[in-house]
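> Next one to model:
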Amino acid sequence: MNPLFSLAPSERGPIVNTWEQDLGGPFEICIEITGLEPLVQKNEKVAKAQPVAADKASIKPTIHSSISGTVTDVKKDFITIREEGARVAEPVDFPGTGTREMLNALRENGINVRGLKKDSTLIINAIPHEVGMDGHRYLIEEFTDIMVIGLNYLKKAITPKACALACPTGMDWTIPGCTGYEIDPVYPNSLPELLTKAITGKEMPSEVCVIDAATLYRIGRTIHGRQPVTLVIVKIGSTSFLTPVGTPVGTLLKLADFRPAEHDRVILGGPLTGEAVYSLKHGVSPGTQAITILKALKEPTVKDNPCVGCGECVIHCPARLEPNMISRHSEFGLYENTQTYNIASCIECGLCGYWCRAQRPMLQYIRLAKKELAAKPIIEDLREQQ
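Numbers count the residues shown, from 1 in each chain. Model (predicted):
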C-alpha cells in the first residue's frame with residue numbers, strides 16, 4: 001500500500017509541552033480570525049480563554065485567546081498577542097436543557113457545532129483524518145472520562161437515537177455509551193461521508209451527524225473545566241506537541257528540529273487536504289492536528305497546466321463526480337456552472353489532485369468555487385460547509 005494512504009495509528013510517543021521549552025524570547029501567538037469580527041483592539045490586555053473574535057451570524061465558533069497577554073496587532077485575518085501576566089477569564093456556566101441553547105453555548109466557547117442535529121445517529125470518528133494525524137490517540141486512551149462528559153452533554157443536547165465509535169481495525173478503543181465499529185484504516189475511509197456509509201449502509205443520510213474524537217474531548221474538557229479549551233495537540237513527524245492555539249508554525253518546527261528549505265511547502269494538516277501557509281508566523285488553529293512539510297522538487301508538484309482529459313480524477317473520485325469539469329469552470333471564474341456537476345457533493349478528499357497527470361491544483365479550484373458560491377444566496381448546503 002502507498003504509505004500516503006495508510007491511516008493505521010503509529011506508536012504512541014511522549015507529548016512535548018511547548019511552554020516547558022526554551023523559546024528564545026517572549027512567546028507570541030498569531031490567531032486566525034478570517035470571517036470573524038475582532039472583539040479586541042491593539043494594546044488591549046486580554047486574559048487566557050477570553051473571547052477575541054466572534055461570528056456576527058452566530059454560525060462559526062468564537063475564537064479565544066490561549067494566553068494571558070497584550071494584543072500587539074489586529075488585522076483582517078489575524079490577531080497577535082504577546083504573553084504577559086497570568087490573567088484567566090471567569091468560568092462559564094452551561095445550560096442543561098434546550099438543544100439550541102446547549103449547542104450555542106458550545107459554539108460561544110469555541111466548539112464547531114455545525115452539523116449536529118437533534119434525534120440523529122451520532123458517530124464519533126476516531127480514525128486519523130490523514131497519515132500522521134493520530135495525536136488524538138493520546139486523548140482517547142488517557143481521557144475516556146472526559147470524553148464521556150462530552151458525550152453525556154451531547155446526549156442531553158441532541159438526544160441521539162444511537163451513538164457509534166469508529167476506530168481503526170485492530171485498535172481496542174472504547175467509549176462507554178457508544179457501539180464500536182472497526183474501519184479499515186485506509187484513506188479516504190476516514191472522511192465523514194465514507195464513514196457514514198460504512199456504518200449505516202446509506203450515502204449522506206440526513207439523520208446522521210459525525211464529529212471527530214478530538215472535538216468530543218474538547219467538548220468534555222470545556223464542560224468539565226467551565227472554560228474554552230485553548231491547547232491543541234499538533235503532530236510533526238513522530239513528535240506530538242501540546243501547544244496553545246495560535247502558536248506560530250515556525251516555533252513548532254524549530255522545536256521539532258525541522259528546517260524548511262527554500263520553496264518547501266508547510267502544510268497545516270495532511271498532504272492531501274491540508275492548507276499551505278505563506279508565513280512561518282502563521283499560528284495553528286483549534287482544528288490543526290498536524291503540520292506537514294512537502295519538500296521542493298526540481299519540478300513544481302502543482303502546475304498551471306490545462307486539463308489533458310485523462311479521466312484519472314473521475315475514476316478515483318469516491319463521490320463519483322467529474323472533478324475535471326468542476327475545476328475547468330472554476331479556473332475561468334464560471335462558478336455557477338459547477339453546480340451542473342454537483343459541486344456540493346464534493347467531499348474534498350484531494351484524490352483528484354493526487355492522481356491528476358497534468359498536476360493541476362484540483363482541490364484548490366474546487367474550494368475556490370465553493371467559497372465564491374457560498375457568498376451568494378444560491379446553495380444553502382455550500383454555505384453550511386464553509
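
> Can you get me a residue count around residue 359?
15 (other Cβ atoms under 10 Å). C-beta coordinates here come from the backbone N, C-alpha and C atoms, glycine included.

> Report the spatially nearest residue to it, omitting neighbours in sequence.
Sequence neighbours aside, residue 303 is the residue nearest to residue 359 in space, at 4.6 Å (criterion: Cβ to Cβ, 6 or more residues apart in numbering).

> How much space separates the one you found from residue 338?
Relative to residue 338, residue 303 is positioned 21 Å away (Cβ to Cβ, to the nearest Å).

> try residue 32
In terms of Cβ to Cβ, residue 32 sits 26 Å off from residue 338.

> who has more neighbours, the two?
residue 338 (26 against 21).

> what comes up buried for stretch 298-309?
By 16 or more other Cβ atoms under 10 Å, the buried positions in stretch 298-309 come out as 302, 307.

> buried residues in stretch 318-334?
By neighbour count with 16+ other Cβ under 10 Å, stretch 318-334 contains the buried residues 319, 321-331.

> Output those as JSON lines; include the columns secondary structure.
Listed next are the buried residues of stretch 318-334 as JSON lines, based on DSSP: H, G, I helix; E, B strand; the rest coil:
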{"residue": "319", "secondary structure": "coil"}
{"residue": "321", "secondary structure": "coil"}
{"residue": "322", "secondary structure": "coil"}
{"residue": "323", "secondary structure": "helix"}
{"residue": "324", "secondary structure": "helix"}
{"residue": "325", "secondary structure": "helix"}
{"residue": "326", "secondary structure": "helix"}
{"residue": "327", "secondary structure": "helix"}
{"residue": "328", "secondary structure": "helix"}
{"residue": "329", "secondary structure": "helix"}
{"residue": "330", "secondary structure": "helix"}
{"residue": "331", "secondary structure": "helix"}
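
> residues contacting the residue most central in space within the chain?
Nearest to the mean C-alpha position of the chain, by Cα atoms, centre = their mean, lies residue 287 at 3.7 Å. By Cβ atoms under 8 Å, 6 or more residues apart in numbering, the contact set of residue 287 is residue 112.

> now residue 65
With Cβ under 8 Å, 6+ apart, residue 65 has these contacts: 29, 31, 46-50, 52, 81, 230, 246.

> Go through those and name the one nearest residue 291.
Ranked by distance to residue 291 (Cβ to Cβ), these are led by residue 246 at 13.9 Å.

> Angles on the backbone of the closest residue to that closest one other than its chain neighbours, please.
Nearest-residue entry for residue 246: residue 29, 3.1 Å, with adjacent residues in sequence omitted and distances by Cβ to Cβ, 6+ apart. Backbone torsions of residue 29, given as degrees, to the nearest 10, read phi -110, psi 160.

> Is residue 29 in contact with residue 84, as I believe?
No. Judged on Cβ atoms under 8 Å, residue 29 makes no contact with residue 84 at a distance of 11.8 Å.

> per-residue confidence averaged over the longest helix that the chain contains?
Using DSSP state H, we find that the single longest helix of the chain is helix 144-158. Helix 144-158 carries an average pLDDT of 97.

> That helix: which residues count as buried?
144, 146-151, 153-154, 157-158.

> do the same with stretch 41-50
Within stretch 41-50, judged by 16+ other Cβ under 10 Å, the buried ones are 46-50.

> What is the neighbour count of residue 194?
Counted with other Cβ under 10 Å, the neighbours of residue 194 add up to 19.

> for it, phi and psi?
phi -70, psi -30.

> Surely it touches residue 188?
Yes. Between residue 194 and residue 188 there is a contact under Cβ under 8 Å: 5.8 Å.
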